[in-house]
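Peer 1: predicted model, plus sequence, below.
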Amino acid sequence: MTKLVTIQEKNEQAENRDGLFIEEYVQSGGNATQAAIVSRANESSASTVGYRLKRRLQNRINEEQKAALKGYSS
């Protein structure tokens with residue numbers, strides 16, 4: 001029997017994946033492919049998925065990068 005997933009659950013899953021992608025992208029120094037793999041993308045399509053996620057989430061990535069660099073500024 002197939003489990004039905006609500007729209008809310010689907011949105012939560014997508015939000016979790018996006019957050020994981022952003023965190024890994026910033027920690028890896030901007031490697032979108034590696035961040036996509038960590039966020040459960042198939043390795044054979046990770047480059048494309050990473051590129052698309054990076055473009056879609058660019059504003060949130062910028063905010064996360066600024067927050068990560070805050071402690072390093074003089």
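Peer 2: Cool, the structure landed.

Peer 1: what secondary structure does the spatially most central residue of the chain sit in?
Peer 2: Centroid-nearest residue in the chain: residue 21, 1.8 Å away (criterion: CA atoms, centre = their mean). Assigned with DSSP: H, G, I helix; E, B strand; the rest coil, residue 21 falls in the helix class.

Peer 1: quick one, helices of the protein?
Peer 2: 7-27, 32-38, 46-56, 58-69 (DSSP state H).

Peer 1: from residue 29, how far out is the residue nearest to the centre of the chain?
Peer 2: Here the distance between residue 21 and residue 29 works out to 14 Å (CB to CB, to the nearest Å). All C-beta spots, glycine's among them, are computed from the backbone N, C-alpha and C.

Peer 1: picking up where we left off before, give me every residue that touches the closest residue to the residue nearest to the centre of the chain other than its chain neighbours.
Peer 2: Leaving out its chain neighbours, the residue that sits closest to residue 21 by CB to CB, 6 or more residues apart in numbering is residue 39, at 4.1 Å. Neighbouring residues of residue 39 by CB atoms under 8 Å, 6 or more residues apart in numbering: 17, 18, 20, 21, 24, 53.

Peer 1: now, of those, which are buried?
Peer 2: Among the contacts of residue 39, the ones that count as buried by 16 or more other CB atoms under 10 Å are 17, 21, 24, 53.

Peer 1: so the first one sits against residue 38, correct?
Peer 2: Yep, that's residue 17 we're talking about. No. Look at residue 17 against residue 38 with CB atoms under 8 Å: they stay out of range, at 10.0 Å.

Peer 1: need the contact partners of stretch 10-29.
Peer 2: Against stretch 10-29 from outside (CB under 8 Å, 6+ apart): 5, 31-32, 34-36, 38-40, 50, 53-54, 57, 60-61, 64-65, 68.

Peer 1: buried residues, that stretch. List them.
Peer 2: Those would be 17, 21, 22, 23, 24, 25, 26, for stretch 10-29 by 16+ other CB under 10 Å.
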